[in-house]
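Peer 1: Build me a model from this:
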Amino acid sequence: MRERFVEQKVVSEVKKRGGICPKWVSPSFAGVPDRLVFFPNGKFGLVEVKAPGGKPRLLQVTRHKMFESLGFKVHVLDSVEKIGEVLDEIEFT
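Peer 2: Okay, the predicted model is just below:
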């Protein structure tokens, strides 16, 4: 299974739950998470999508720590089976 497949499933599931999930592209600030997740009622999350078993690169880990130091959790998602758990955490916390 490829990263793209996992990413498409995340986008689809967010839409089913009434949210939006734009891709985050930042040419001048590399290493940002792949997707921004916006749910109704001001719920927001950052999601890094990887192929099954994949791990974030060193720059991505550095960016994740930077966002976490600002109070934003970065969810690393490497399987379609974990999508519901990650989205529940974003939507209900």
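Peer 1: Tell me the residue in the chain that is farthest from the middle.
Peer 2: S28 (19.5 Å; C-alpha atoms, centre = their mean).
Peer 1: Just say helix, strand or coil for that residue.
Peer 2: Per DSSP: H, G, I helix; E, B strand; the rest coil, the secondary structure class of S28 is coil.
Peer 1: gap between it and L36?
Peer 2: Counting by C-beta to C-beta, to the nearest Å, the separation of S28 from L36 is 17 Å. Placement of C-beta: from N, CA and C, glycine included.
Peer 1: can you tell me which residues contact V47?
Peer 2: 10, 21, 33-37, 74-77, 86 (C-beta atoms under 8 Å, 6 or more residues apart in numbering).
Peer 1: hmm, back to that, which pLDDT value belongs to the residue farthest from the centre of the chain?
Peer 2: As summarised for this prediction, S28 has a pLDDT of 94.
Peer 1: most centrally placed residue in the protein?
Peer 2: Central residue of the chain (C-alpha atoms, centre = their mean): V47, 1.0 Å from the mean position.
Peer 1: Please tell me how far that residue sits from I20.
Peer 2: To I20, V47 is 13 Å away according to C-beta to C-beta.
Peer 1: same check, this time on V80
Peer 2: The gap separating V80 from I20 is 19 Å, by C-beta to C-beta.
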